[in-house]
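Asker: quick one, fold the following:
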Amino acid sequence: MTAFVVIMDFALTFVPAALAFTTKSVRRALRIGFSMIRQTWPRSALYVLCPVLALNMNRLASPVHLPMLRLMVDGALTVVGLLAKGATVAFYLRERPVHSDDGAAYVGVMDGPAVG
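Answerer: Coordinates of the predicted model:
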């Protein structure tokens, strides 16, 4: 089960960004995310192979039992995880730019209603 979750975490790297910036449809976001990995490989390797789940699994593999040290490790991993998520979104937006008049992300009229 753990292997399946890790593989899915790798495979779904760009799906949240697709949902946030490109489409309301989960099915379309899945297609965009998978195709983005295929089209941008090996440039996207770092974003796919070093997700936040892998960072958190690192903490579980070497647990820290001292409360203050654990707090520092958890804080550092949280910051690194947020940086990794931000880098993934920045890569997504470089590859699939989203433009609007006010600079905000939007779902275009051509996307239609969400199905799925």
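Asker: what helices or strands is the biggest helix by length in the chain leaning on?
Answerer: Using DSSP state H to define each element, the chain has its longest helix at helix 67-95. With contacts defined as 3 or more C-beta pairs under 8 Å, 6 or more residues apart in numbering; DSSP states H and E, the secondary structure elements packing on helix 67-95 are helix 15-21, helix 26-40, helix 45-49, helix 52-61. For every residue, glycine as well, the C-beta is placed using N, CA and C.
Asker: pull the residues that contact the longest one.
Answerer: Helix 26-40 is touched from outside by 11-15, 17-19, 22-23, 44, 48, 91-92, 95-96, 111, 114-116, with contacts defined as C-beta atoms under 8 Å, 6 or more residues apart in numbering.
Asker: pLDDT-wise, which helix or strand of the chain ranks last?
Answerer: Taking mean pLDDT, DSSP states H and E as the measure, the helix or strand of the chain with the lowest value is helix 52-61, at a mean of 66.
Asker: circling back to that earlier point, just the helices and strands packed on helix 67-95: most buried one?
Answerer: Neighbour counts (mean count of other C-beta atoms under 10 Å) averaged over each of the helices and strands packed on helix 67-95 peak at helix 15-21, with a mean of 19.
Asker: C-alpha coordinates for it, CSV please?
Answerer: Listed in CSV are the C-alpha atoms of helix 15-21, where the atom choice follows Å, rounded to 0.1, in the frame of the first residue of the first chain:
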residue,chain,number,x,y,z
VAL,A,15,-2.6,17.7,-10.9
PRO,A,16,-3.2,20.3,-8.1
ALA,A,17,-1.7,23.0,-10.2
ALA,A,18,-3.8,22.1,-13.1
LEU,A,19,-6.9,22.2,-10.9
ALA,A,20,-5.9,25.6,-9.5
PHE,A,21,-4.9,27.3,-12.7
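Asker: which strands and helices sit next to it?
Answerer: Judged by 3+ C-beta pairs under 8 Å, 6+ apart, helix 15-21 is in contact with helix 26-40, helix 67-95.
Asker: buried ones in stretch 67-81?
Answerer: Within stretch 67-81, the residues scored as buried using 16 or more other C-beta atoms under 10 Å are 73, 81.
Asker: find the nearest non-adjacent residue to the residue most central in space within the chain, please.
Answerer: Residue closest to the mean C-alpha point of the chain, counted by C-alpha atoms, centre = their mean, is Thr13 at 4.0 Å. For Thr13, the nearest residue in space outside its immediate sequence neighbours is Val48; the separation is 4.9 Å by C-beta to C-beta, 6 or more residues apart in numbering.
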